[in-house]
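S.K.: 3D, please:
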Amino acid sequence: MADLYSVAARIGPGVRRFGSPLLRLAAGAVVLWFLGRQVGAAPFENGLRAVTWQAVAVAGTLTLATSVCCAWRWRVVARALGVDIGLPAAVGAYYRSLFLNSVLPGGVLGDVNRAVTHGRRAGDVVRGLRAVAWERLWGQVVQAVLTAGVLLTLPSPVRPALPYVLAGAAGAAGCAALLVRRAARHGRPRLARAARAVSDDLRRGLLAPDVWPQLTVASVLVVVGHTVTFVIAARVAGCTAPLGELTALLMIIQTAAVIPLSVGGWGLREGAAAWVFAAAGLGAAAGVTVSTLYAVLMLVAVVPGAGLLLGDAVRHRRDQRQPAQSRRPDPAPRALEAVRD
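M.R.: Presented below is the predicted three-dimensional model:
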């Protein structure tokens, strides 16, 4: 675990794009503290009590399916960038990263570990980092587009303001594209290299005719899988809202949960759930209960990642012992000398 933190520290700005880890941890803690003041501990307790083995089994199955889709998306990106990885290895690495994201502060250290480990094995850590960054970004963009489509179609508390939000997002994306293009041509050497790398990754890799459709299909399947898991958690927790309205609310929560301001995934997700459920007239406490149950189901579903990490640690320790044992002097010659004396 210490190695993971040292790797994150060496990566620097890429990991700290949302502020320092301590700041992200503090933000999640503040949200949880505020929720505790507003709704008390009962909604969290109700979420824990609502866990059933049937819900755990379904969540585990859906998480396996979405993890395979995520690993497929990562493999397609990695192959496009020249750092290929096999699908079984990608699935295992993804389970490891999901578990670490669920238990470590900030919610991104698992992805950092996945990127660095794959980059080292492929012989190019920078490309390994870029592959994971593009894979996550593509998924988040597809999720945002699907969420916008759902919110424009189905009733939700944010529907009246959504056109303005979308216009602002489109304007920001256009400005970012112009800045990247300008930096690639006239920016400082380091900034220009980064901008050219982004442009090359997109033009020669991700936007290739045989690449972007796979990435989009995989991302859509991931969003559908997570949404279905959230709907199941809501129903098990006793939420009786119409399916269309519930889907819109849950997709807002998922979009908020992408922002890594959390304590092991807890914080912003529960705050968003409380807000959207209260705005929809379902009660903030109900939102917290649903979010808590979903968080527990997802944590149990990614436990296989803990088993893989434990196996890695055992193998690493065994590999460290073997060279030491091979350097030990053979006791047989000493025993023969003692007999001769």
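S.K.: From here on, just use CA atoms for contacts and neighbour counts.
M.R.: OK.
S.K.: Where do the strands of the stretch 201-341 of the chain begin and end?
M.R.: Using DSSP state E, counting those that start in this stretch, the strands of the stretch 201-341 of the chain run over residues 262-263, 266-267.
S.K.: Select from those the stretch with the lowest mean pLDDT.
M.R.: Sorting these by mean pLDDT places strand 262-263 lowest, at a mean of 74.
S.K.: I figured residue 84 was touching residue 72, is that so?
M.R.: No: applying Cα atoms under 8 Å as the test, residue 84 and residue 72 come out as separate, 11.3 Å apart.
S.K.: okay, those two: which has more neighbours?
M.R.: Taking neighbours as other Cα atoms under 10 Å, residue 84 and residue 72 compare with residue 72 leading, 23 against 19.
S.K.: and that one, helix, strand or coil?
M.R.: The local conformation at residue 72, judged by DSSP: H, G, I helix; E, B strand; the rest coil, is helix.
S.K.: now it, nearest residue through space, not along the chain?
M.R.: residue 87 (6.4 Å; Cα to Cα, 6 or more residues apart in numbering).
S.K.: One more: residue 272?
M.R.: Residue nearest to residue 272 in three dimensions, not counting chain neighbours: residue 253, with 5.5 Å by Cα to Cα, 6+ apart.
S.K.: hang on, the earlier thing: let me know which of the strands of the stretch 201-341 of the chain is the nearest to residue 107.
M.R.: Residue 107 sits nearest to strand 262-263 of all the strands of the stretch 201-341 of the chain, at 6.7 Å, using Cα to Cα.
S.K.: any residues touching that closest one, and which ones?
M.R.: Strand 262-263 is touched from outside by 24, 25, 26, 27, 28, 29, 103, 104, 105, 106, 107, 268, with contacts defined as Cα atoms under 8 Å, 6 or more residues apart in numbering.
S.K.: For the last one, give me its contacts.
M.R.: Under the criterion of Cα under 8 Å, 6+ apart, the contact partners of residue 268 comprise 28, 31, 256, 257, 259, 261, 262.
S.K.: Now with 10 Å, please.
M.R.: 27-32, 253-254, 256-262, 274 (Cα atoms under 10 Å, 6 or more residues apart in numbering).
S.K.: State the distance from it to residue 237.
M.R.: Residue 268 sits 20 Å away from residue 237, going by Cα to Cα, to the nearest Å.
S.K.: residue ranges of the helices in the stretch 151-300 of the chain, please?
M.R.: Ranges of helices in the stretch 151-300 of the chain, per DSSP state H, counting those that start in this stretch, are 162-186, 189-200, 212-236, 243-257, 268-279, 284-301.
S.K.: tell me which residues in the last one are buried?
M.R.: What that stands for is helix 284-301. Going by neighbour count (16 or more other Cα atoms under 10 Å), the buried part of helix 284-301 is 284-299, 301.
S.K.: try stretch 228-237
M.R.: Buried, per 16+ other Cα under 10 Å, within stretch 228-237: 228, 229, 230, 231, 232, 233, 234, 236, 237.
S.K.: what's around the closest residue to residue 104 other than its chain neighbours, how many residues?
M.R.: In space, and not counting its chain neighbours, residue 104 is closest to residue 264: 4.8 Å by Cα to Cα, 6+ apart. Look at residue 264: counted by other Cα under 10 Å, it has 20 neighbours.
S.K.: Can you give me every residue that contacts residue 264?
M.R.: 25, 28, 99-109.
S.K.: With respect to pLDDT, which of those residues ranks lowest?
M.R.: In terms of pLDDT, residue 106 ranks lowest among these, with 69.
S.K.: Show me what the mean pLDDT comes to for stretch 76-91.
M.R.: Mean pLDDT, computed over stretch 76-91, is 93.
S.K.: measure it end to end?
M.R.: One end of stretch 76-91 sits 13 Å from the other (Cα to Cα).
S.K.: starting at the chain centroid, how far to it?
M.R.: Remark: stretch 76-91 is offset 17 Å from the chain centroid, using Cα atoms, centre = their mean, to the nearest Å.
S.K.: and what of stretch 311-324?
M.R.: With Cα atoms, centre = their mean as the basis, stretch 311-324 stands 29 Å off its chain's centre.
S.K.: Which residues does that stretch contact?
M.R.: Contacting residues not belonging to stretch 311-324 are listed as 1, 305, 306, 307, 308, 309, 310 [Cα under 10 Å, 6+ apart].
S.K.: Now, of these, which are buried?
M.R.: By neighbour count, with 16+ other Cα under 10 Å, those hold 305, 306, 308, 309 as buried.
S.K.: on that earlier part again, could you look over the strands of the stretch 201-341 of the chain and pick the most buried one?
M.R.: The highest mean neighbour count among these, using mean count of other Cα atoms under 10 Å, belongs to strand 262-263: a mean of 27.
S.K.: That one pairs with which strands, parallel or anti?
M.R.: strand 266-267 (antiparallel) (DSSP bridges).
S.K.: show me the contacts for residue 306.
M.R.: 95, 96, 97, 98, 99, 100, 312 are the contacts of residue 306 under Cα under 10 Å, 6+ apart.
S.K.: before we move on, back to that, distance of the residue nearest to residue 72 from residue 113?
M.R.: Look at residue 87 and residue 113: by Cα to Cα, they are 18 Å apart.
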